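[1] requesting a structural model of the entry that follows:
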Amino acid sequence: MRSDTERNRRHLIKAAARLFENSPTPVSLAEIAKHAEVSTATAYRHFSSVEEVLHAFRAQVGSELRDFSARQTTRGMTKLEAVSRHWVSLVLEHGGAMAQMRSHRGYLERLREGTGYLTPQAEALAEPLRQTTEELGLDDLGDEALYLWNALFDPRDILDLIKSGRTEDEAAGRLVAALRGALTGWAAAEQQQAD
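    Got it, this is the predicted structure:
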């Protein structure tokens, strides 16, 4: 990709994130283009819809999480907690822009179909989750462990916890503890069903 093309794409994603962070109403691709200081035609050369810009934004944030996870030298629950805490920080850094995406399709359905923007986030978490279930003496929960993580670490709910008075540290700590309980409870239910 040419450098000016790459730069325009980056500017469009950044402008979309800023607009979504501060706008309670829907944003158009023309508005995103204006804030990125490119023409609407240029915006449409990069993205066919606002939803596609949002997917690119979430993929970018997911890649930040994946890179953070790859740099960790710890493993298991310690690594899972570090990655989860970093996610909470990313959600707070990007604010409302992180809570803009809501699909009518379920997380597992989209994950199993290989929906692009979910992939980097799943790559960041899959191994720490697998190691954590092993540490807890549980069977491997596969992508259902990712499902539990996703249910607890939804950006909208993280922002809700912060707005209701929890500090970042408190919110992250409680969510990690809840995840540990959810993994244990899920595995126990699985075992009961098998017996």
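
[2] assign residue 79 to helix, strand or coil.
    The assignment at residue 79 comes out as helix when based on DSSP: H, G, I helix; E, B strand; the rest coil.

[3] tell me the pLDDT of it.
    Looking at residue 79, its pLDDT reads 98.

[4] burial check on it, number of neighbours?
    Residue 79 has 19 neighbours, counted by other Cβ atoms under 10 Å. For the C-beta atoms, the positions are set from N, CA and C on the backbone; glycine is no exception.

[5] and whichever helix in the chain runs longest, what does it pack onto?
    Across the chain, the longest stretch assigned as helix under DSSP state H is helix 168-194. Judged by 3 or more Cβ pairs under 8 Å, 6 or more residues apart in numbering; DSSP states H and E, the packing partners of helix 168-194 are helix 76-94, helix 119-135, helix 143-152, helix 155-163.

[6] adding distance to residue 9, write the ones you listed out as a markdown table.
    Shown next, in a markdown table, are these (distance: least, Cβ to Cβ, whole Å):
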| stretch | distance to residue 9 |
| --- | --- |
| helix 76-94 | 18 |
| helix 119-135 | 17 |
| helix 143-152 | 27 |
| helix 155-163 | 23 |
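
[7] which one of those helices lies closest to residue 100?
    Closest approach to residue 100 among the helices and strands packed on helix 168-194 is made by helix 155-163 (8.8 Å; Cβ to Cβ).

[8] helices and strands around that closest one, which ones?
    Contact partners of helix 155-163 among helices and strands, from 3+ Cβ pairs under 8 Å, 6+ apart: helix 76-94, helix 168-194.

[9] now do it against helix 143-152, angle only.
    Using axes from the mean of the first three to the mean of the last three Cα atoms, to 10 degrees, the inter-axis angle of helix 155-163 relative to helix 143-152 is 40 degrees.

[10] and helix 155-163, what's buried?
    155, 158-159, 161-162 (16 or more other Cβ atoms under 10 Å).

[11] mean neighbour count, the helices and strands packed on helix 155-163: which tops it?
    Counting by mean count of other Cβ atoms under 10 Å, helix 76-94 has the highest mean neighbour count of the helices and strands packed on helix 155-163, with a mean of 20.
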